[in-house]
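Participant: With the sequence up front, the predicted model follows.
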Amino acid sequence: MVQRLLDLKKLLGKEGSSFLFGARGTGKTHLAGALALQRAPVLQIDLLDPKSFLRYLNHPEMLREEVHAAWEEAGKKTLFVLIDEVQKAPALLDVVHALFNENPKRVQFLLTGSSARKLKRGGANLLAGRAYVAHLHPLTHREVRLDLSKALQFGTLPGLYLSEAKPEAWLDAYVGTYLKEEIQQEALVRKLDSFTRFLEFAAQAHGEPVNFSKMARQGIASVPTIQEYFSILVDTLIAFRLDGWSASVRRQLLQAPKYYFFDCGVLNALRGELRTEARASSFRYGRLFETWVILEMIRLNDYADTGYRFAYWRTNTGLEVDVIMYRNVLDSPIAVEIKSGDSPAEQDLKSLFAFHKENPKAKLYCFCQAPRPRLVRGVHILPWHEGLETLFPSPRK
C-alpha cells in the first residue's frame, strides 16, 4: 500500500471537514475510503452509483434526514459523512451547510470531487470557508520507488503505475471514456466532436504559450469557445495554467498563458505517442522531463502548503525561463530552468542570467540529472530531486 503525502487524518483532525479535489484516477476514493474505515459511525454516499445519484439529485433534503437518523442511532456521537463526487449533485452542499449551522461538532464531512467547475459556475454553496480544500495528484517521486522512464512515458496515475495493466490500453480508455465522454455527460460541453478536436490541438500546444486567435483560424472553434475549453481543462483538474511573469500585474495579464496536462501518460495518449518511446537525447524527452519536474513542483507545493504561484518568463528575443515561483509581486522570485541532461553548460543558463539582470534579488536554479550539485555564476545546478527537496522540504517525521 502506498503512503500518500496528503494526510487526510491530520488535515481533518477530530472535527474538521474538507473538500478533496483531484482528477479521476488519482486515488481520491481509495484514500477517502481508507480514512472512513478508521472512523465510526460512518455514512458513505457514492454519487457514481446511478441509483444513489438520481436519488439525491431529485431529493437532496434526504441527506439531512439520513444524517439525523444515523447520528441518533450512533448515540449522538460525531458522525463521519463521506460523499464521493459531490459535484454531481451540487444541491447537497446547501444541506451540508445547514447541518454545519445546526451543530458543527455533530457531523464531520469529507466531500470528494473530480471537478469544481459545476460547483463554482453553478453558484453552488462552497460552505463559506467552513471546510478545507485539499487536492490529490498522481503519484510523486516521494510516494513510490520511481522509474523515471516509465513515469515520462505512461505517467503516475496510481491505478496504472501500481498495477500490471497494459499501460497503452489503460490510458487509451482513460482518454476515451473520461476526457471526452464524461466531460460531455457533466454538461460541460455541447459538441463533443468540437471538444475532441480541441483536445488534440491542446495536447500539441502543451507547454507552449497559447495563441487563441491562431487556434481559431485553424477551424477548431471561436476564440471565446477555445478559451472556455481551456478553462474546462483547468477546472476539471486535467491541466494547469501558467501565466507569463512580470513584476507588473498588468503586464502579466497581457502575456499568453501556457497549459500543462496533469500527467505525462495522459499527455502522450492525447498526442498519439504512447507507443513511441522518447529517446534520452531527443527533444521530446527533454519536454517530457520538463513537464515531469513542473508537475512535481505543483504537486509538492499543494501537499506542503508552501503557497507558491507559478509562472514562466519569456522575452521578445526568445529567452525563456521554465518556471518562476513567487507568492506575490513584491516577493523575491525563484527562477528555475529545467534541463534533461546531466551536465548543463554555462551557455544553457543564459536565460537565468538575463532574468537575474532584471530581477537581481531572484534566486536562480537549474534542475537537471547531474549526479551532484554545482554552482555557476550564482546559479545552483542541482539534481532534480535535490532541487525539489530544497524548494519543498520533506516534513520531519
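Facilitator: Yep, that arrived. Numbering: from 1, shown residues only.

Participant: In this structure, which residue sits furthest out from the middle?
Facilitator: The C-alpha centroid of the chain is most remote from Gly75, which lies 39.7 Å away (C-alpha atoms, centre = their mean).

Participant: secondary structure class for it?
Facilitator: Secondary structure, DSSP: H, G, I helix; E, B strand; the rest coil: Gly75 is coil.

Participant: so how far is Thr156 from it?
Facilitator: Between Gly75 and Thr156 the distance is 43 Å, computed by C-beta to C-beta, to the nearest Å. The way it works is simple: take the backbone N, C-alpha and C, and place the C-beta from them, glycine included.

Participant: Ok, Arg130 next?
Facilitator: For Arg130, the distance to Thr156 - C-beta to C-beta - is 33 Å.

Participant: Which positions in stretch 349-369 come out as buried?
Facilitator: For stretch 349-369, a neighbour-count test (16 or more other C-beta atoms under 10 Å) marks 349, 351-352, 354-356, 359, 362-369 as buried.

Participant: Between all of these, which two are at the greatest distance?
Facilitator: Asn359 and Gln369 (26.6 Å; C-beta to C-beta).

Participant: sorry, back to before: how close does the residue farthest from the centre of the chain sit to Pro104?
Facilitator: Going from Gly75 to Pro104 by C-beta to C-beta gives 19 Å.

Participant: what's the answer for Phe367, then?
Facilitator: Distance of Phe367 to Pro104, computed by C-beta to C-beta: 44 Å.

Participant: again with Asp348
Facilitator: The gap separating Asp348 from Pro104 is 54 Å, by C-beta to C-beta.

Participant: for Ser281, same thing?
Facilitator: 58 Å.

Participant: more crowded one of the two?
Facilitator: Pro104 (13 against 9; other C-beta atoms under 10 Å).

Participant: give me every residue that touches the more buried one.
Facilitator: Applying C-beta atoms under 8 Å, 6 or more residues apart in numbering to Pro104 gives the contacts Glu15, Arg130.

Participant: likewise the one 4 residues further on?
Facilitator: For Gln108, the contacting residues are Leu12, Lys14, Glu15, Gly16, Ser17, Arg39, Thr78, Leu79, Phe80, Val81, taking C-beta under 8 Å, 6+ apart as the criterion.

Participant: at 7 Å what do you get?
Facilitator: Residues near Gln108 by C-beta atoms under 7 Å, 6 or more residues apart in numbering: Leu12, Glu15, Ser17, Thr78, Phe80.

Participant: now do Gln44
Facilitator: Gln44 neighbours (C-beta under 7 Å, 6+ apart): Ala36, Leu82.

Participant: returning to what we had before: quick one: mark the members of the contacts of Gln108 that sit in strands.
Facilitator: Per DSSP state E, strands hold the following members of these: Phe80.

Participant: Pick out the lowest-pLDDT one from the contacts of Gln108.
Facilitator: Lowest pLDDT of the contacts of Gln108: Glu15, 75.

Participant: from memory it sits against Lys105, does it?
Facilitator: Yes: here Glu15 reaches Lys105: they are 5.8 Å apart, a contact under C-beta atoms under 7 Å.
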